[in-house]
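Asks: Fold the following for me, if possible:
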Amino acid sequence: MENDSPVNKQPPANLTDSKGLLALITSDGDWPAKEAALDKLAEFATASDEAWEALLTACHAHDAQIRSHATDLAARIGQFSSSLERREQLCQLILSSLNDDDFSVRVTAISAFADRLREDERQVLSDAAIAAIARRLHDSMEDNGLLFEFRDLIESLQDSQLVGSVLVPRLIELLQGAEEKYVRCRAAELLYPRESVPGAEGMIIPALTAALSDPDAFVRSYAASTLGAFGPQAESAIPRLIRLLEDGSEVAAGALGRIGTAARAAVPALLQAVQRKRPAHYHDSPGSLVPADIQPVRQAAIALVKLNAHVGAHLELITRVLLHHLAVHDEESDWEDVAAARQAKDALGCFGPECHAAIPALLDGLRAEEWYVRRHAAGALVRIHPPPQHLVPVLQSILQEQRQIHGRYSGGDTDYVSAIEWALERIAAQESTNPREIAP
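Replies: Numbering: from 1, shown residues only. Model prediction:
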């Protein structure tokens, strides 16, 4: 009775031969027992040709769950097999699985193909097998769910002509003509720069630039983000990115910053984006000057710093935007927010002696609730290196004020005065040795 339990994954003790295990796998039994039988069969298949053939048979079972798990197991075994015959059989299995009616089986096949290439096993794939798989991929790429799995595969094919001759043109085709917007989004995301495909940017950048006019906002955002990854090579996209920025696109601002100094023509639009204010009904703390629609404003501020266009009347506002973004998205947020907070932190790290206009905002940052905002505000102040006779009395006043409000808490970064004390210590060190101290 124990083996009849639906939670028992162990195959019956007498099913230790390949035929018995295959019979259990293809029976009407419970999945846990079948899964255990598949695992046992795969264990035998590492050394037994009979078990290997039985495992391949299971890869074509009626049950899609069995086909998916069996294909995964066969790929793991065949990938490292010393038998050329087994490797060729695995190629044929991948090829047939890519055309399976079940999505999970197709995804397993994509992963198996990518893993084999990643493990430097490409030499065992015949040209005919690669060409056949490439054609199958070409035909299946409009499957949005399957396209989602293609990143690992394309990364595994970095040095293969398959990327330049088949996959890149197909991705461009999908970006330009796929009916499903999510397919166009995924295609735009996967058209990132590749050193292994010389001249690919000549095909990709115009296609991504055209996609900035896609009727769907998500497609436009993915295209802008990927264009930013090309850096200065994407200079031709700047006019359309500026138009997208003027429509409030956060991603367009980020892309312009990544393109670099070639994008200085975008500075007026970036400054305009930074000055967008919150609606009247939004109540900020007194004098905070935090703009509305913080995402595009934050990216615009970071882009201005990257373009070395952050000096001037707008610097105080740019600084407040960066500090606000650090306060909203700390290093304990999800990975996207963490990346955004690091961008703001890195932008503050670019401040130097020419950034005196940022000092009022940075002084306010020393009063922030969040310790990491206080820390980065203090670091930026030290990098600016203002005249100590002007700054030290202000810092001492803020230090006294914070001690009266909060007292002195233990725990290093958790207290409200350590960042101020650190800034005072660095300023004193600068005066004695005149180095440019860098905040931790």
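
Asks: So, low pLDDT: which residues of the stretch 201-350 of the chain?
Replies: The model of the stretch 201-350 of the chain has pLDDT under 70 over residues 276-298, 309-313, 328-340.

Asks: try 80
Replies: For the stretch 201-350 of the chain, the stretches flagged by pLDDT under 80 are 248, 250, 273-302, 305-314, 325-344.

Asks: what are the ranges of the helices in it?
Replies: 217-229, 238-246, 250-259, 267-274, 294-306, 315-328, 335-348 (DSSP state H, counting those that start in this stretch).

Asks: Outside of the third one itself, list whatever touches it.
Replies: Contacts with helix 250-259, where a contact means C-beta atoms under 8 Å, 6 or more residues apart in numbering, come from 212, 220-221, 224-225, 227-232, 234-235, 237-238, 241-242, 244-245, 263, 266, 270, 273, 295-296, 298-300, 302-307, 343. The C-beta positions use only the backbone N, C-alpha and C, and glycine is treated the same way.

Asks: 6 Å - rerun?
Replies: With contact meaning C-beta atoms under 6 Å, 6 or more residues apart in numbering, helix 250-259 is reached by 221, 224-225, 227-228, 231, 234, 241, 244-245, 263, 266, 295-296, 299-300, 302-303, 306.

Asks: Report the buried members of those.
Replies: Among the contacts of helix 250-259, the ones that count as buried by 16 or more other C-beta atoms under 10 Å are 221, 224-225, 227-228, 234, 241, 244-245, 263, 266, 296, 299-300, 302-303, 306.

Asks: show me what contacts G260?
Replies: By C-beta under 6 Å, 6+ apart, G260 lies in contact with P232.

Asks: any idea how far it is from Y182?
Replies: To Y182, G260 is 31 Å away according to C-beta to C-beta, to the nearest Å.

Asks: and if you look at A327?
Replies: A327 is 33 Å from Y182, by C-beta to C-beta.

Asks: and R374, how many neighbours?
Replies: Residues contacting R374 under the criterion other C-beta atoms under 10 Å number 26.

Asks: From T108, how far out is it?
Replies: Per C-beta to C-beta, R374 is found 50 Å from T108.

Asks: Quick check: phi and psi at G365.
Replies: phi -60, psi -30 (degrees, to the nearest 10).

Asks: Please apply the same query to the one 4 residues further on.
Replies: Per-residue torsions, E369: phi -70, psi -30 (degrees, to the nearest 10).

Asks: what's the closest non-adjacent residue to it?
Replies: Nearest non-adjacent residue to E369, counting by C-beta to C-beta, 6 or more residues apart in numbering: A327, 7.4 Å away.

Asks: I'd say that neighbour and E370 touch.
Replies: Yes. The pair A327 and E370 passes the contact test of C-beta atoms under 6 Å, sitting 5.1 Å apart.

Asks: Compare neighbour counts for those two and give me the winner.
Replies: Each of A327 and E370 has its neighbours counted (other C-beta under 10 Å); A327 has more, 17 against 14.

Asks: residues contacting that one?
Replies: By C-beta under 6 Å, 6+ apart, A327 lies in contact with A368, E370, V373.

Asks: Give me the subset of those residues lying in helices.
Replies: Counting by DSSP state H, the contacts of A327 place V373 in helices.

Asks: For the contacts of A327, give me TSV that also has distance to F80 and pLDDT.
Replies: Shown next, in TSV, are these (distance: C-beta to C-beta, whole Å; pLDDT from 0 to 100):
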residue	distance to F80	pLDDT
A368	54	84
E370	50	82
V373	51	87
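
Asks: Could you dump the contacts of A327 into JSON lines with distance to E173 added?
Replies: Listed next are the contacts of A327 as JSON lines, based on distance: C-beta to C-beta, whole Å:
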{"residue": "A368", "distance to E173": "50"}
{"residue": "E370", "distance to E173": "47"}
{"residue": "V373", "distance to E173": "47"}
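
Asks: of the contacts of A327, closest to E85?
Replies: E370 (62.1 Å; C-beta to C-beta).

Asks: Go through the helices of the stretch 201-350 of the chain and name the closest to A188.
Replies: Of all the helices of the stretch 201-350 of the chain, helix 217-229 sits nearest to A188, with 3.9 Å by C-beta to C-beta.

Asks: tell me the angle that closest one makes with helix 250-259.
Replies: Inter-element angle recorded for helix 217-229 and helix 250-259: 10 degrees (by axes from the mean of the first three to the mean of the last three C-alpha atoms, to 10 degrees).

Asks: The closest residue to A223 other than its chain neighbours: what's it in contact with?
Replies: Nearest non-adjacent residue to A223, counting by C-beta to C-beta, 6+ apart: A211, 3.7 Å away. Residues near A211 by C-beta under 6 Å, 6+ apart: L175, A188, V219, A223.

Asks: Out of these, who's the most crowded?
Replies: In terms of neighbours by other C-beta under 10 Å, the contacts of A211 top out with A223 at 32 neighbours.

Asks: For it, which residues are in contact?
Replies: A188, L208, A211, L212.

Asks: do I25 as well
Replies: Taking C-beta under 6 Å, 6+ apart, we find I25 in contact with K34, A37, L38, A58.

Asks: Nearest to Q396 among the residues you listed?
Replies: Distances from Q396 to these, taken by C-beta to C-beta, are shortest for L38, at 71.7 Å.

Asks: would JSON lines of the contacts of A211 with distance to E421 be doable?
Replies: JSON lines is the format used below for these (distance: C-beta to C-beta, whole Å):
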{"residue": "L175", "distance to E421": "54"}
{"residue": "A188", "distance to E421": "49"}
{"residue": "V219", "distance to E421": "50"}
{"residue": "A223", "distance to E421": "48"}
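
Asks: Nearest to I405 among these?
Replies: Nearest to I405 among the contacts of A211, counting by C-beta to C-beta, is A223 at 48.5 Å.

Asks: Pull up the gap between that closest one and A303, please.
Replies: Counting by C-beta to C-beta, the gap from A223 to A303 is 17 Å.

Asks: No further queries at this time; thank you.
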